[in-house]
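J.: My questions are about this predicted structure, shown below with the sequence.
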Amino acid sequence: MTYDALIPVIRRLALEAGDKIMEIYNSDDFDVKVKSDSSPVTEADEAADALISAGLRDAFPDILLVTEEQAASHSEKGDTFLIVDPLDGTKEFINRRGDFTVNIALVENGVPTRGVVYAPAKGRMFYTQADGQSVEETGALDKVQAGDLTPISVSKPDNSALLIVASKSHRDQATEDYINKYQVQDSKSAGSSLKFCLVATGEADLYPRVGRTMEWDTAAGHAVLAGAGGKVIRFDNHEPLTYGKDGYANPFFIAYAPGVDLKEA
């Protein structure tokens, strides 16, 4: 598999999954179930997962696939793997807030190297190109032909007036306490992996996450941010956030534009 082969496939599958998700989102009603970890799952999660998984297995049958909705994949291990969250921000979806995303990423030796994040309700699409540069695509978002591509890059932060983005559904006192260590011009909330993309485009300087996430929640956004010049580090020791960990669970982390004067946990 080459990056040139990968990118058109994950872009197309994200768009196709987005269509499926919006079809269910715009229906009068949809089923919501509760998984064993008490998190919600909808028919949109499952339909998008089936579509993306089939497409990836068809295109890249020799590469390990880890996906949120297939528990059997969570015990698989490999140096190189594709990792999928077919609908990140299920709570945003259920509450009919538009901050949910489709996420597909490639991880190599612990590092998310390529990825796509698509927010179908917002019509925003971000991905890494084959050369590693991250772009935002605008226009018709045709499945075959890419539209206008704008290279994106992180901000040059002003440490006396930082722009912070934090979780919409998980914004707690620990998060507020950490944000209060900075001089903040503006603080906003967003759902799902869109927060990584807001840092990647320079719409925010810093995204701290003091709460549970899984690797499929973050890998695609991490790849997009890295391709825009950003970094993602562990909250506790400021070491790089790595992937392929036991159970694919993440520690707390900080995503940021280099130039932010990082504070200790």
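T.: In hand now; what should we look at?
J.: end to end, how far does stretch 97-114 reach?
T.: From its first residue to its last, stretch 97-114 covers 27 Å (CA to CA, to the nearest Å).
J.: Oh, that last question was meant for stretch 258-265, not what I typed.
T.: Stretch 258-265 has an end-to-end distance of 17 Å (CA to CA).
J.: what's the answer for stretch 94-107, then?
T.: 29 Å.
J.: Ok, stretch 128-139 next?
T.: For stretch 128-139, the first-to-last residue distance is 17 Å (CA to CA).
J.: Then stretch 237-248?
T.: Start-to-end, stretch 237-248 (CA to CA) is 19 Å.
J.: can you pull the buried residues of that stretch?
T.: By neighbour count with 16 or more other CB atoms under 10 Å, stretch 237-248 contains the buried residues 241-244, 248. (Each C-beta comes from the backbone N, C-alpha and C, glycine too.)
J.: average pLDDT across that stretch?
T.: Averaging pLDDT along stretch 237-248 gives 97.
J.: Report how many residues lie close to the closest residue to D88 other than its chain neighbours.
T.: For D88, ignoring the flanking residues on the chain, the nearest one in space by CB to CB, 6 or more residues apart in numbering is S192 at 4.2 Å. Residues lying near S192 (other CB atoms under 10 Å) number 29.
J.: how close does S192 sit to L198?
T.: S192 is 11 Å from L198, where distance means CB to CB, to the nearest Å.
J.: now do Y118
T.: If you go by CB to CB, the gap between Y118 and L198 works out to 15 Å.
J.: Which one's more surrounded, those two?
T.: Y118 (28 against 22).
J.: Kindly check the end-to-end length of stretch 17-34 for me.
T.: With CA to CA, one end of stretch 17-34 sits 21 Å from the other.
J.: Check what contacts that stretch and list those residues.
T.: With contact meaning CB atoms under 8 Å, 6 or more residues apart in numbering, stretch 17-34 is reached by 40-44, 47-48, 51-52, 86-87, 93-94, 96, 100, 102, 118, 120-121.
J.: Poorly predicted segments of the stretch 151-265 of the chain, please.
T.: Counting by pLDDT under 70, the ranges of the stretch 151-265 of the chain that qualify are 169-170.
J.: quick one: which of the buried residues of stretch 237-248 is nearest to Y127?
T.: Lowest distance from Y127 to the buried residues of stretch 237-248 (CB to CB) belongs to Y243, with 17.8 Å.
J.: Helix, strand, or coil at the closest residue to that closest one other than its chain neighbours?
T.: Distance criterion CB to CB, 6+ apart; nearest residue to Y243, sequence neighbours excluded, is V107 at 4.5 Å. Put simply, V107 is strand when judged by DSSP: H, G, I helix; E, B strand; the rest coil.
J.: change the start of the numbering to 31 and stick with it
T.: Fine by me, first position is 31 from now on; the one you just mentioned is V137.
J.: can you pull the contacts of V137?
T.: 110-113, 143, 245, 249, 273-274.
J.: let's see it at 6 Å
T.: V137 makes contact with 111, 113, 249, 273 under the criterion CB atoms under 6 Å, 6 or more residues apart in numbering.
J.: now it, which residues is it bridged with?
T.: Beta-bridge pairing for V137 (DSSP bridges): F111, P142.
J.: Now do it against K63, distance only.
T.: As for V137, its distance to K63 is 28 Å (criterion: CB to CB).
J.: go on, K211?
T.: 39 Å.
J.: Lovely, talk soon.
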